[in-house]
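After the sequence you'll find the predicted model.
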Amino acid sequence: MAYKHLFGPVPSRRLGTSLGVDLVPLKVCSFNCIYCEVGATTNLTIQRKEYIPVDAVLTEVDDYLSHNPALDYITFSGAGEPTLNSGIGHIINYIKGRYPQYKLALITNSSLFGDAALRAEVSPVDLVLPSLDAVTPRVFAGLNRPNHAISIDAIVEGLIAFRQESDALMWLEIFLSPGINDTPEELTALKAACTRIQPHSIQLNTLDRPGTVSGLHPVSHEKLTEIVEFFKPLSAEIIAKSATRNQSTAFNTDIREQIIQTISRRPCTDVDLCEMLGLHINELNKYLGALVDEGIVFGRTEKRGTFFTLKK
Ligand code: SF4
């Protein structure tokens with residue numbers, strides 16, 4: 001069957017071979033991060049509902065898993081914030097009950113973790129990868145541009161509570177933007193919050209390719225290394241894709257070639273490429289990011305989005 005809500009499996013250093021499950025349409029999110037690779041949020045909401053019907057997701061999951069694929073994780077992630085789907089708890093319990101051999105991961109912006117009921121719903125996952133890019137309200141507002149009802153203090157308290165309530169591993173991701181959240185003040189506040197949260201690992205990321213807002217740059221590898229030192233004795237590591245992508249061997253050369261062929265004819269946005277090649281945005285991003293790293297492709301941000309072209 002053709003899948004609308006599953007994508008990949010996506011190769012990933014962190015998650016190995018990971019089947020993506022997308023629970024919201026493009027682009028339903030509680031944040032509108034300036035660095036978002038998926039594009040600008042069109043529905044900036046905290047309303048939870050069945051954006052994708054649970055039955056539709058489970059029909060695809062059953063079909064896919066009936067072939068007993070080798071997977072390291074089944075991962076809730078995608079084109080927006082997965083916890084906004086009110087059926088996520090039901091889906092987690094269903095997969096855990098019926099396919100206990102598979103591990104579940106949740107990639108989340110943490111925005112709803114202040115809600116105890118939501119925390120209980122997602123507690124059975126094996127691994128949670130929450131984002132926490134800033135803890136001072138001004139920086140949080142400027143970087144993540146959240147729905148107005150979201151409080152960063154509630155997020156931090158929610159993450160602390162989740163670590164007490166759940167057996168899930170927690171790898172907390174901090175996305176760093178130069179001059180915004182890599183300042184001594186913000187890093188000090190982030191370290192204090194992480195010390196209270198006690199994630200199993202802190203993972204430092206930075207810009208991989210153009211985000212929603214033009215003119216953004218990555219934090220240098222030297223600076224990321226300094227930040228790893230700064231966070232000690234907490235365990236922090238760099239997961240910026242340019243430093244890690246080459247270790248993955250699971251890239252599909254056909255898809256890579258199709259992307260190169262397509263943009264050699266005319267510049268395309270990521271959304272254009274997804275439509276033309278039938279790829280999920282997250283899957284496409286993996287390939288595009290690698291091509292940008294290798295200097296084969298570059299992106300230019302314009303009004304309709306970021307256009308990708310071949311480097312001459
Ligand atoms: S980066 Fe994640 S949390 Fe931020 S706007 Fe994009 S999808 Fe939402």
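It's in.

Can you tell me which residue is spatially central in the protein?
Residue closest to the average C-alpha location in the chain (CA atoms, centre = their mean): residue 107, at 5.5 Å.

List, one by one, the residues from the protein near the ligand.
Proximity of the chain to the ligand is confined to 29, 31-33, 36, 38, 41, 80-81, 109 under the rule CB under 6 Å from any ligand atom. Bear in mind the C-beta positions are built from the backbone N, C-alpha and C, glycine included.

Give me the lowest-pLDDT entry from those.
Minimum pLDDT across the residues of the chain next to the ligand is recorded for residue 38, with 83.

wait, doesn't that residue sit right on residue 25?
No. Judged on CB atoms under 8 Å, residue 38 makes no contact with residue 25 at a distance of 11.2 Å.

how about residue 263, what does it touch?
Each residue near residue 263 by CB atoms under 8 Å, 6 or more residues apart in numbering is listed here: 273, 297, 308-310.

hang on, the earlier thing: make sure I have this right: the residue nearest to the centre of the chain is in a strand.
Yes. Assessed with DSSP: H, G, I helix; E, B strand; the rest coil, residue 107 lies in a strand.

Check it and give its pLDDT.
97.

same deal with residue 248?
44.

so where's the stretch 151-300 of the chain uncertain?
Across the stretch 151-300 of the chain, the ranges flagged by pLDDT under 70 are 209-213, 241-251.

Show me where it has its strands.
Per DSSP state E, counting those that start in this stretch, the stretch 151-300 of the chain carries strands over the ranges 169-176, 201-206, 236-238, 268-269, 297-302.

Would you mind writing the CA trace of stretch 33-53 as PDB?
In PDB, the C-alpha atoms belonging to stretch 33-53 read as follows (Å, rounded to 0.1, in the frame of the first residue of the first chain):
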ATOM      1  CA  CYS A  33      11.100  28.400  15.000                       C
ATOM      2  CA  ILE A  34      13.200  30.700  13.000                       C
ATOM      3  CA  TYR A  35      15.500  27.800  12.000                       C
ATOM      4  CA  CYS A  36      12.700  25.300  11.100                       C
ATOM      5  CA  GLU A  37      13.600  23.200   8.000                       C
ATOM      6  CA  VAL A  38      10.000  22.200   7.400                       C
ATOM      7  CA  GLY A  39       8.900  25.800   6.600                       C
ATOM      8  CA  ALA A  40       6.800  28.400   8.300                       C
ATOM      9  CA  THR A  41       4.100  27.300  10.600                       C
ATOM     10  CA  THR A  42       0.700  27.800   9.000                       C
ATOM     11  CA  ASN A  43      -1.400  26.700  12.000                       C
ATOM     12  CA  LEU A  44       0.300  28.000  15.200                       C
ATOM     13  CA  THR A  45      -1.800  26.200  17.800                       C
ATOM     14  CA  ILE A  46      -1.900  24.300  21.100                       C
ATOM     15  CA  GLN A  47      -5.200  22.700  20.300                       C
ATOM     16  CA  ARG A  48      -5.000  18.900  20.500                       C
ATOM     17  CA  LYS A  49      -7.200  16.900  18.100                       C
ATOM     18  CA  GLU A  50      -7.000  14.000  15.600                       C
ATOM     19  CA  TYR A  51      -5.300  16.000  12.900                       C
ATOM     20  CA  ILE A  52      -4.600  12.700  11.300                       C
ATOM     21  CA  PRO A  53      -7.200  10.100  12.200                       C
END
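
Domain-wise, how is the protein divided?
6-249, 251-312 (automatic domain parsing).

Name the nearest residue to residue 166, sequence neighbours excluded.
Spatial nearest neighbour of residue 166, excluding adjacent residues (CB to CB, 6 or more residues apart in numbering): residue 123 at 4.1 Å.

One more: residue 24?
Spatial nearest neighbour of residue 24, excluding adjacent residues (CB to CB, 6+ apart): residue 80 at 4.0 Å.

residue contacts, the spatially closest residue to residue 227 that is not a sequence neighbour?
The shortest distance from residue 227 to any non-neighbouring residue, by CB to CB, 6+ apart, is to residue 204 (6.0 Å). By CB under 8 Å, 6+ apart, the residues touching residue 204 are 173-174, 176, 224, 227-228, 236-240.
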